[in-house]
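Asks: Predicted model and sequence below, questions to follow.
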Amino acid sequence: MAFPDIRAAGPEDAAAVTAILSTVWRESYLGMIDTDYLQGRMGDDVAALTAAMLAPNSAALVLLAVRQGRALGVLTAQQEADDPACERLSAISVLPEARGKGLGTALIGVAAVRQAALGRERAVLTVLPGNLRARALYARLGGTEEAGFVSAALPGGGETAGLAVRWSDIKALAQAARTAFRDSA
């Protein structure tokens, strides 16, 4: 399998990023987050969040995975405010028809390499407990789930319970992602 084209998203990619995030979150979080919210205003909230992340003054990293000219996956990341050596990964989203082909793994690997080059040493993310597919991926990549629940922010405000997953070595995460992608090919 060919490595996907993964690049930093720009303002011109806002519609694609919003569409991927909205589609994936509606499908992945059904039964975990209020259905009325998922089917209603979440789309507007995701569009506003995307615009903020892609704004010229934003510190967020937004990666877009593209195959054959079609945007299929997104990952966002940002330095932790209270721990400058730690990168918070979020919004790791791959369209349903593109899953199982290594896109999520590739996005995580590229983000880890980029952020390690900026001096980040560790990585963390929050995952909803019912998102078993994502939890399995993070475990395969060496992530350690912390005991207990943490607050997981929802687009547009609000919170839900999530699990923190940590990597103590971002370079080891990058290597694990490279190995996992190669092994899936």
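Replies: Thanks, I have it.
Asks: ok, Ala161 - how many residues close by?
Replies: Look at Ala161: counted by other CB atoms under 10 Å, it has 13 neighbours. Quick note: C-beta positions are derived from backbone N, CA and C, even for glycine.
Asks: OK, contacts around the nearest residue to Ala98 once chain neighbours are set aside?
Replies: What sits nearest to Ala98 in space, not counting adjacent residues and going by CB to CB, 6 or more residues apart in numbering, is Leu72, at 4.0 Å. By CB atoms under 8 Å, 6 or more residues apart in numbering, the contact set of Leu72 is Pro4, Ile20, Ala65, Val66, Val94, Leu95, Glu97, Ala98, Leu103.
Asks: secondary structure element for the most far-flung residue of the chain relative to its centre?
Replies: What lies farthest from the middle of the chain is Asp36; by CA atoms, centre = their mean that is 23.3 Å. Per DSSP states H and E, Asp36 falls inside helix 35-39.
Asks: do Pro84 as well
Replies: strand 83-94.
Asks: quick one: strands adjacent to that strand?
Replies: strand 70-80 (antiparallel), strand 122-127 (parallel) (DSSP bridges).
Asks: before we move on, back to that, and the gap between the residue nearest to Ala98 and Thr105?
Replies: Look at Leu72 and Thr105: by CB to CB, to the nearest Å, they are 13 Å apart.
Asks: just Arg99 next, same as before
Replies: 11 Å.
Asks: The worst-scoring helix or strand of the chain on mean pLDDT: what's the following helix or strand?
Replies: In the chain, the helix or strand scored least confidently by mean pLDDT, DSSP states H and E is strand 150-153, which has a mean of 71. Remark: after strand 150-153, the chain's next helix or strand is strand 159-167, criterion DSSP H and E.
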